[in-house]
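**Q** Build the 3D model from these lines:
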Amino acid sequence: MTLRNKIRAGKFPTLLPRWLAERAEGAELLEFSLLLPFLLVILAGVIDFGGAWATKDKLAGAAREGARVAVANFNDTTNPQCGGTPCSVQAAAIAATRYLTDAGVNTCGFDASTSAPAAGTFTWTYTANSCTNPWTLTIERAVPVMSGGATAMCTRVTINFPYAWNFGDVLGLLVGANGYTSTITLVSSETMTNLN
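**A** This next block holds a predicted model:
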């Protein structure tokens, strides 16, 4: 019986949903196949952004831990006794690196106790050159901070860490070109008042 005959026989209202469903299956599959790549790109972007956010949080914790250790130790910046580096600076660098390692961040085997930092005036910068994209840890022991009309001497620990995006690779699969930078630098800094 043809559709025209079914309509004339009064069976059309009961057949309409089934008839439409039989014809809509192919359209639903086509729509899904067109939207799937976009959904995957959005999902990859959400996962990648979440990874960057979590890494930034871990860097902030490491900078805070390094600053806490530095200000708790005696300010020995004029008496470098730990391999040419002040021991308070080396202890801060070890604490920050240990925090990153314990948090699951790839530090490329960096060891502050065996690395010599680049030294400036009350500033020491450790660089992890063994990584593809090196990261740096800077410890400043004499940072003046104004608070309530008085100047307090503080310690600032800053970590510059490269984060590799995966989103650009996924987007490149979709459109055939990758116009996004593959690495950004996450920066976390913590400043605390010297206790002594």
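
**Q** Can you tell me the centre-most residue of this structure?
**A** Nearest residue to the geometric centre of the chain (Cα atoms, centre = their mean): Ala52, 2.5 Å.

**Q** element containing that residue, please.
**A** For Ala52, the element it lies in under DSSP states H and E is helix 12-72.

**Q** before we move on, what about Met146?
**A** Met146 is part of strand 135-147, with elements assigned from DSSP H and E.

**Q** so what strands line up beside that strand?
**A** Its sheet considered, strand 135-147 pairs with strand 123-128 (antiparallel), strand 150-164 (antiparallel) by DSSP bridges.

**Q** Of all the residues in that strand, which ones are buried?
**A** By neighbour count with 16 or more other Cβ atoms under 10 Å, strand 135-147 contains the buried residues 135-141, 143. The C-beta positions use only the backbone N, C-alpha and C, and glycine is treated the same way.

**Q** CA atoms of it as PDB?
**A** Extracted in PDB, the C-alpha atoms of strand 135-147 (Å, rounded to 0.1, in the frame of the first residue of the first chain):
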ATOM      1  CA  TRP A 135      62.100  26.600  32.800                       C
ATOM      2  CA  THR A 136      63.500  29.100  35.300                       C
ATOM      3  CA  LEU A 137      63.300  29.600  39.100                       C
ATOM      4  CA  THR A 138      64.300  33.100  40.300                       C
ATOM      5  CA  ILE A 139      64.800  33.900  44.000                       C
ATOM      6  CA  GLU A 140      65.100  37.600  45.000                       C
ATOM      7  CA  ARG A 141      66.100  38.100  48.700                       C
ATOM      8  CA  ALA A 142      66.000  41.900  48.900                       C
ATOM      9  CA  VAL A 143      62.700  43.100  47.400                       C
ATOM     10  CA  PRO A 144      61.400  46.300  49.000                       C
ATOM     11  CA  VAL A 145      57.600  46.400  49.500                       C
ATOM     12  CA  MET A 146      55.700  49.400  50.800                       C
ATOM     13  CA  SER A 147      53.100  48.500  53.400                       C
END
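
**Q** okay, the angle between it and helix 12-72?
**A** 70 degrees (axes from the mean of the first three to the mean of the last three Cα atoms, to 10 degrees).

**Q** quick one: contacts for the residue lying closest to Lys56 once chain neighbours are set aside?
**A** Spatial nearest neighbour of Lys56, chain neighbours left out: Leu186 (5.0 Å); criterion: Cβ to Cβ, 6 or more residues apart in numbering. Shown in contact with Leu186 (Cβ atoms under 8 Å, 6 or more residues apart in numbering): 52, 55-56, 59, 160-163.

**Q** State the distance from Leu186 to Leu35.
**A** Per Cβ to Cβ, to the nearest Å, Leu186 is found 32 Å from Leu35.

**Q** so where's this structure uncertain?
**A** Scanning the chain for pLDDT under 70 picks out the ranges 1-26, 168-181.
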